[in-house]
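Undergrad: What shape does this take:
(one chain, ligands or ions: 1)
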Amino acid sequence: MESIGVLMPSPIYGYLEQELAKRFKLFNPSNISEENVNSIRAVVSSAKISVDTQLIESLPKLEIVSTFSVGYDKIDLAKCREKNIRVTNTPDVLSDDVADTAIGLALAVLRKICVGDQYVRNGHWIKSDFPLTTKFSGKAVGIVGLGRIGSAIAKRAAAFGCPISYHSRSEKSESGYKYYPNILDLASNSEVLFVACTLNKETYHIVNRQVIDALGPKGVIINIGRGQHIDQPELVSALSEGRLGGAGVDVFENEPEVPEQLLGLENAVLSPHAASDTVETCNAMADLVLSNLEAHFLNKPLLTPVV
Ligand SMILES: O=CC(=O)O
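TA: Below is the predicted model:
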């Protein structure tokens, strides 16, 4: 497969790059030219790399886009379908880490773990005790999107004694959790709302002002999905006005830009879109990207096809 050209539009992960370079002819924007563009048959992308019409059209021999991410919202799927370009992602292998991060953010927000850390480091503890925080165990948990990641969050939250409800396109009665066909009803009946659905036209800004207000001043939102799931200016104003109790945010609308106002809010815990970023999981994601590419070029079934 050494003669097959694979384009990585920007750096993703060292191990993945090394392994791709061993197996394929690896290109990046600095070594791609008009002569070799026709040898490129695959693009390796990520949650941060856009595979838009322009990129797809510029690669006439493109056969497959393999993204190092579970989300594929940055890939123009319609264009890929139109041109018979296959698309793969990396589901399952990252669900545990993302769910762990979601629970970690909920604990950090409610138990003020980051604020407490600063309290100790800045010497305030010597002067006075840290104010009481809020319990997570037993809180009513709402999950938006009961897919692989949402289910992994539910399993963990259930172990904390939290009653679980969810909203998704369709009811998953086998889950045994309470289903709300309307996200507003879910928010009204939840104390901690986890956003874990796929980003698409229907879920863009699924958490809007009404949903935030339904959660209320004691409510907490945890977003490990995509920044675009939440109307970010509404989130920031609700947090700063105390209309929402807190938020744990791993993803932002215009990453890596983060609204200045959010940086100053103690009731928000911020994370740099890193929910799946452990060595173990990134290696497993890289292996899945490689296996999908190898399967494609050996005419075998793709392991995790999207298109
Ligand atoms: O955001 C990360 C992913 O989609 O895997």
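Undergrad: quick one: residue 251 from residue 28, how far?
TA: Using C-beta to C-beta, to the nearest Å, we find residue 251 at a distance of 26 Å from residue 28. Heads up, the C-betas are built off the backbone N, CA and C, glycines and all.
Undergrad: So between these two, which is more surrounded?
TA: Shown here are residue 251 and residue 28; by other C-beta atoms under 10 Å, residue 251 has more neighbours (22 against 13).
Undergrad: quick one: that one is in a strand?
TA: No: counting by DSSP: H, G, I helix; E, B strand; the rest coil, residue 251 falls outside a strand, being coil.
Undergrad: residue contacts, the closest residue to residue 242 other than its chain neighbours?
TA: Excluding its sequence neighbours, the residue lying closest to residue 242 (C-beta to C-beta, 6 or more residues apart in numbering) is residue 217, at 5.7 Å. By C-beta atoms under 8 Å, 6 or more residues apart in numbering, the contact list for residue 217 reads 242, 243, 244, 245.
Undergrad: so the third one sits in a strand?
TA: No: using three-state DSSP, the secondary structure at residue 244 is coil, not a strand.
Undergrad: Quick one: neighbours of the residue nearest to it when sequence neighbours are not counted, just the number.
TA: The shortest distance from residue 244 to any non-neighbouring residue, by C-beta to C-beta, 6+ apart, is to residue 238 (3.9 Å). Applying other C-beta under 10 Å, we find 22 residues neighbouring residue 238.
Undergrad: what helix or strand is residue 238 on?
TA: Assigned by DSSP states H and E, residue 238 belongs to helix 232-241.
Undergrad: So which elements touch that helix?
TA: Other elements packing on helix 232-241 under the criterion 3 or more C-beta pairs under 8 Å, 6 or more residues apart in numbering; DSSP states H and E are helix 209-215, strand 246-249, helix 260-263.
Undergrad: Please identify the buried residues of it?
TA: Within helix 232-241, the residues scored as buried using 16 or more other C-beta atoms under 10 Å are 232, 234, 235, 236, 238, 239.
Undergrad: Distance from the chain centre to that helix, please.
TA: With C-alpha atoms, centre = their mean, to the nearest Å as the basis, helix 232-241 stands 21 Å off its chain's centre.
Undergrad: again, but for stretch 42-54
TA: 16 Å.
Undergrad: what about it, near the ligand?
TA: Yes: judged by C-beta under 6 Å from any ligand atom, stretch 42-54 comes into contact with the ligand at residue 47.
Undergrad: Spell out which helix or strand contains the closest residue to residue 301 other than its chain neighbours, please.
TA: Nearest residue to residue 301, sequence neighbours excluded (C-beta to C-beta, 6+ apart): residue 295, at 6.4 Å. Using DSSP H and E, residue 295 sits within helix 279-297.
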